[in-house]
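Following is a predicted model, sequence given first.
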Amino acid sequence: MRNGILVSGNWIIDHVKLIDVFPEEEKLVSILAEYSCNGGSAFNVVKGLAKLKAPFPISGLGLIGDDERGEKILQDCSRHQIDTSQLRKTTEAHTSYTDVMSVKCTGKRTFFHQRGANALLDMHHFDFAASQAKIFHLGYLLLLDKLDVKEADGTTRAAKVLKSAQNHGFITSADIVSERSNRFRETIPSSLPYLDYLFVNEFEASMITGIETVQNGQVLEEKCTDAAWKLLEMGVNRWVILHFPAGAIAVSKTGEQLFQPSINLPSDKIAGASGAGDAFAAGILMGVHENWEMSQCLQLGVCAAARSLFAATSSDGILPATECLQLAQQYGFRNATVQV
């Protein structure tokens, strides 16, 4: 029986600077605090699963540099009992890093990213025969240079990797980076038929489908629902999970539609939002692995995301799943506005 989650994609060290306001160009702002921590979809998701105390094996796959940052990633994974046998060192590039500017009063983040070794991750690095994990998660699409390349047949290398994972018996899932570009519609669609679960936010869903999900700075929740259904029509096999600050919408190939409001967390509890989306994904994937109903998965997802906000770093705020779920009783959910 297959067991565990294999996670691949971006392995990054985040250098988080907590600031009181984001400055205009040529202006100065003071740094209130700074931290160094895990970053990137792959690193954040495996550590999120470990912090949630997921009751199954957690494995990582990817590329890091043969340097101090790469060693830090390996040591952190070792402390959390994460298998790194498929996390390889390369001498061709340094370990990827990101300078994250996180505004204390809003939690909004701005990223200055060095792609590093992640840009070299390619199809030949994936040995699915070596893993008996149940789920394969890949992220972030649009931030993995080699895998985002479109082949002569019109499909990306990421699509071929996901197809191979399915052929080897994995449940597949992926996440996307909120890149400011026009690459979404030419890069993402070829992967969708090889995905069982797709994680997107309102911006990414809009960029892929062409459905306007935000107007005058406000999330249009009905349009988010339309976009989620459109992504299913474009090929996703089981569930599209679309998250935004007020909560998450999940729609399935079998016609189910769910809305889960986010935790009504007081603003004074928010230290930073870095990694919250990956904490959300970790919570969902833990539930999927354990064969929970999607409504339960969504609750753990929003609770894990909310708990991650307690720390300015990506995963340090996350507690075991049972403790994360207590946030629902402690603070309640935001008022639901999406009709299901």
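Structure received.

got any ranges where the stretch 201-340 of the chain has weak pLDDT?
Residue ranges of the stretch 201-340 of the chain with pLDDT under 70: 336-340.

now do 90
For the stretch 201-340 of the chain, the stretches flagged by pLDDT under 90 are 267-268, 270-274, 312-313, 335-340.

quick one, helices of it?
Assigned by DSSP state H, counting those that start in this stretch, the helices in the stretch 201-340 of the chain fall at 202-209, 221-233, 276-289, 294-308, 321-331.

Format the ones you listed as a markdown table; extra columns: distance to residue 113 and mean neighbour count.
In short, each C-beta sits where N, CA and C put it, glycine included. What follows is the helices of the stretch 201-340 of the chain, written out as a markdown table (distance: least, CB to CB, whole Å; neighbours: other CB atoms under 10 Å):
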| stretch | distance to residue 113 | mean neighbour count |
| --- | --- | --- |
| helix 202-209 | 17 | 23 |
| helix 221-233 | 25 | 20 |
| helix 276-289 | 15 | 27 |
| helix 294-308 | 20 | 26 |
| helix 321-331 | 28 | 16 |
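
would you list those helices in JSON lines and tack on distance to residue 156?
Converted to JSON lines, the helices of the stretch 201-340 of the chain look like this (distance: least, CB to CB, whole Å):
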{"stretch": "helix 202-209", "distance to residue 156": "13"}
{"stretch": "helix 221-233", "distance to residue 156": "16"}
{"stretch": "helix 276-289", "distance to residue 156": "21"}
{"stretch": "helix 294-308", "distance to residue 156": "27"}
{"stretch": "helix 321-331", "distance to residue 156": "34"}
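
Could you check how far the residue nearest the centre of the chain is from residue 230?
The centre of the chain sits closest to residue 278, judged by CA atoms, centre = their mean, with a distance of 3.5 Å. Relative to residue 230, residue 278 is positioned 24 Å away (CB to CB, to the nearest Å).

And the residue nearest to the centre of the chain, how far from residue 158?
From residue 278 over to residue 158 (counting by CB to CB), the distance is 18 Å.

what do you get for residue 59?
Residue 59 is 19 Å from residue 158, by CB to CB.

could you pull out the helices for the stretch 51-200 of the chain?
Using DSSP H, counting those that start in this stretch, helices in the stretch 51-200 of the chain cover 68-79, 157-167, 184-187.

Alpha carbons only: can I get the shortest one in PDB?
Think helix 184-187. Provided in PDB are the C-alpha atoms of helix 184-187 (Å, rounded to 0.1, in the frame of the first residue of the first chain):
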ATOM      1  CA  PHE A 184       0.000  31.600 -17.100                       C
ATOM      2  CA  ARG A 185      -2.200  30.700 -20.100                       C
ATOM      3  CA  GLU A 186       0.700  29.300 -22.200                       C
ATOM      4  CA  THR A 187       2.500  27.400 -19.400                       C
END
